[in-house]
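Undergrad: What follows is a predicted structure for the sequence shown.
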Amino acid sequence: MKYLLFMITLLSATSSQVIFEFNKKSELKNWVIVDDVVMGGRSSGSFKLNSDGLGVFEGTVSTENYGGFSSLRYRFKRKSTKGYSKIIMKLKGDGKKFQFRIKANSSDYYSYSIPFVTTGKWQEIEIYLKDLVPTFRGRTVDKPNFDNDSFEELTFLFGNKKNEKFKLMLDKIELK
């Protein structure tokens, strides 16, 4: 009986749900770039698969015309967070700060977000769901941190209030 309980505990501790794993045959149709041009800005981002099958989000951010961001949005069939406490992302950035966001409902006006810093090397970024703060246009919203039992959208956003290029390579995103 102790062995059975140990195995159940071990399996539940190591189980994960893949949200997206990139490879040479990955379908990118649900990944969409949203730049500040929607507000009159001049930033420009792109997203593609490289020859190794990794997702590459890159571009240039311009603060001209009150702009200053580029984002990559992925909408998907609702994912349950029951039994999971964090999101793990395997990625390689250019040493700059990015923001990770999720939405419980894609129609919500606000997102739950948290910044993360890249090192220029491959990293495994762990984000606890409870640490995601509700925000809208860079300001905190008067709501509790993420505590929903599902979500259906995630976003990577780059915008550090200066004119610069950025690059983020994505390998895998999962719930754990």
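TA: Everything's here; your move.
Undergrad: since we're on Arg101, how many residues are nearby?
TA: Number of residues near Arg101 (other C-beta atoms under 10 Å) recorded here: 19. Heads up, the C-betas are built off the backbone N, CA and C, glycines and all.
Undergrad: With Gln99 instead?
TA: 19.
Undergrad: How about the one 4 residues further on?
TA: Number of residues near Lys103 (other C-beta under 10 Å) recorded here: 21.
Undergrad: Which residue, neighbours along the chain excluded, lies closest to it?
TA: Glu153 (4.1 Å; C-beta to C-beta, 6 or more residues apart in numbering).
Undergrad: Okay, and the one you found sits in which element?
TA: Element membership for Glu153 (DSSP states H and E) is strand 150-158.
Undergrad: correct me, but the residue nearest to Lys103 touches Ile102?
TA: Yes - proximity of Glu153 to Ile102 meets the contact threshold set by C-beta atoms under 8 Å, at 6.5 Å.
Undergrad: So for these two, which sits in the more crowded spot?
TA: Looking at Glu153 and Ile102 with other C-beta under 10 Å, you find the greater number of neighbours at Ile102, namely 23 against 20.
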